[in-house]
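Colleague: sequence and predicted structure are below.
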Amino acid sequence: MIEGFKDYIRDIKDFPKKGIIFKDITTLLKDGGRFRAAVDEIARQYSSKKIDAVISVEARGFIFGAAVAYKLGAGLIPVRKKGKLPYLTHSVTYALEYGSDTLEIHTDAFKEGAAVLIVDDLLATGGTTRAVIDLVEKLGGKVAGLAFLIELLPLKGREKLKGYPVFSIIKDKYC
């Protein structure tokens, strides 16, 4: 693995609220070589698998998901917040530490049995990713992997994702 990715992530204290350390990825994105290396590293993990579709989660997940889908020659499927997709959707509502949220996917996003890679920028508690897994399985897809730029280890997101292969480039002990 290429070293030094963590050096390109800026920590913003007390954003969006007091007590949170926001992981700002724009510092990595603005460096073309480092951004390409991150995308290449994620794609390399799945290049030997037949991935039919990459699912990415609104909004920062779109950045990495689109690039990884291109690299793998796979389709790109956006998962969005409720009311943002224009066609028929399946939805899932899930709990957040401060309430709930709803995500949606088009009902015709992929064919039954498709091998799907879920890509997002950050794995925190695992709630969002678990909700996306539920959507994929509701449509008859097979989760081939879960890939993240950053994993916040203290929040133990992997525990909600047991049974699914998880890959993250940066494993961060601070959040």
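Modeller: That came through fine.

Colleague: can you show me the helices along this protein?
Modeller: Using DSSP state H, the helices of the chain run over residues 26-29, 32-46, 60-72, 127-138.

Colleague: got those as JSON lines, with mean pLDDT columns?
Modeller: Below are these laid out as JSON lines (pLDDT from 0 to 100):
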{"stretch": "helix 26-29", "mean pLDDT": "96"}
{"stretch": "helix 32-46", "mean pLDDT": "97"}
{"stretch": "helix 60-72", "mean pLDDT": "97"}
{"stretch": "helix 127-138", "mean pLDDT": "97"}
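
Colleague: show me what the longest strand along the chain is packed up against.
Modeller: Assignment by DSSP state E gives strand 142-152 as the longest strand of the chain. When contacts are defined as 3 or more CB pairs under 8 Å, 6 or more residues apart in numbering; DSSP states H and E, strand 142-152 packs onto helix 32-46, helix 60-72, strand 115-123, helix 127-138, strand 166-172. From N, CA and C alone the C-beta is placed, and that goes for glycine too.

Colleague: D11: which of those is closest?
Modeller: Closest to D11 of the helices and strands packed on strand 142-152 is strand 166-172 (CB to CB; 9.1 Å).
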